[in-house]
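Q: How does the following fold in three dimensions:
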Amino acid sequence: SGAECGIIARMLTWLGTGLLGSNFVRALRRRGEAVQVWNRSPDKARALEADGARALSEPAEAVRGASRVHLTLSDDAAVDDVLESARPGLGDGVTLIDHTTTSPAGTAARAQRWHDRGIVFLHAPVFMAPAHALAGTGLMLAAGPRARFDALAPALATLTGKLVHVGEAPERAAIHKLIGNLAL
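A: Numbers count the residues shown, from 1 in each chain. Presented below is the predicted three-dimensional model:
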């Protein structure tokens, strides 16, 4: 689709810059990517300015001009709250990539809601510690339409050691992530 063309453009936003998110941002900056950041605790986002990221005070401001918006937040409620706050700043052709560990039902509802709004959404939770995010190692699962995954795979692969598409249904990655967490 037209919304899926150009989804690997250069301006990125990262919402949620705790231990995992901040190291993803540092890794992106080391590769020369332009990254805008936001965090509920502003000092965590501002700390990434030393790495060349641009910290912004509101989610809608942080996503303005971004072609990809990555999220590493705490849970379903946080993802929904932050995305709704960011919504006024989302432009045409933006892609939302959620790395948060969320529930299957919440993920499915979220993917449908954003699809209905004409926004590309991919759930891509990770099995990695913050050190893996910085090193680009670990495992990232992704679920959603295969064409969307294939278009995003080159960009996502730079964030992880192994990238696995686990199915078309957006909740599949959430299911695999929760089962993996139980096994661990």
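Q: in the chain, which segments are predicted with low confidence?
A: 1-10 (pLDDT under 70).
Q: quick one, helices of it?
A: 19-30, 42-47, 59-63, 76-86, 104-116, 130-135, 146-157, 171-183 (DSSP state H).
Q: Can you list the buried residues in the last one?
A: Pointing back at helix 171-183 there. Buried residues in helix 171-183, defined by neighbour count with 16 or more other C-beta atoms under 10 Å: 171, 172, 173, 174, 175, 176, 177. C-beta: built from backbone N, CA, C; applies to glycine.
Q: what would the residues you listed look like in a markdown table with distance to residue 15?
A: Converted to a markdown table, these look like this (distance: C-beta to C-beta, whole Å):
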| residue | distance to residue 15 |
| --- | --- |
| 171 | 21 |
| 172 | 23 |
| 173 | 18 |
| 174 | 18 |
| 175 | 23 |
| 176 | 23 |
| 177 | 19 |
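Q: of all those residues, which comes closest to residue 152?
A: residue 173 (12.8 Å; C-beta to C-beta).
Q: Excluding chain neighbours, what is closest to that closest one?
A: Sequence neighbours aside, residue 143 is the residue nearest to residue 173 in space, at 3.7 Å (criterion: C-beta to C-beta, 6 or more residues apart in numbering).
Q: likewise residue 134?
A: residue 23 (3.9 Å).
Q: now swap in residue 108 and tell me
A: residue 171 (4.2 Å).
Q: who touches the closest residue to residue 17 other than its chain neighbours in this structure?
A: Excluding its sequence neighbours, the residue lying closest to residue 17 (C-beta to C-beta, 6+ apart) is residue 39, at 4.2 Å. Shown in contact with residue 39 (C-beta atoms under 8 Å, 6 or more residues apart in numbering): 15, 16, 17, 18, 21, 45.
Q: switch the cut-off to 10 Å
A: By C-beta atoms under 10 Å, 6 or more residues apart in numbering, residue 39 lies in contact with 14-18, 21-22, 45-48, 55-56, 59, 62, 72-73, 82.
Q: on that earlier part again, what's the closest of the buried residues of helix 171-183 to residue 103?
A: residue 174 (6.3 Å).
Q: so who does that closest one touch?
A: Counted by C-beta under 10 Å, 6+ apart, residue 174 has contacts 76, 98, 100-108, 110-111, 123, 125, 141, 143, 166.
Q: Verify the contact between residue 121 and residue 90 for me.
A: No: using C-beta atoms under 10 Å, residue 121 makes no contact with residue 90, being 11.1 Å away.
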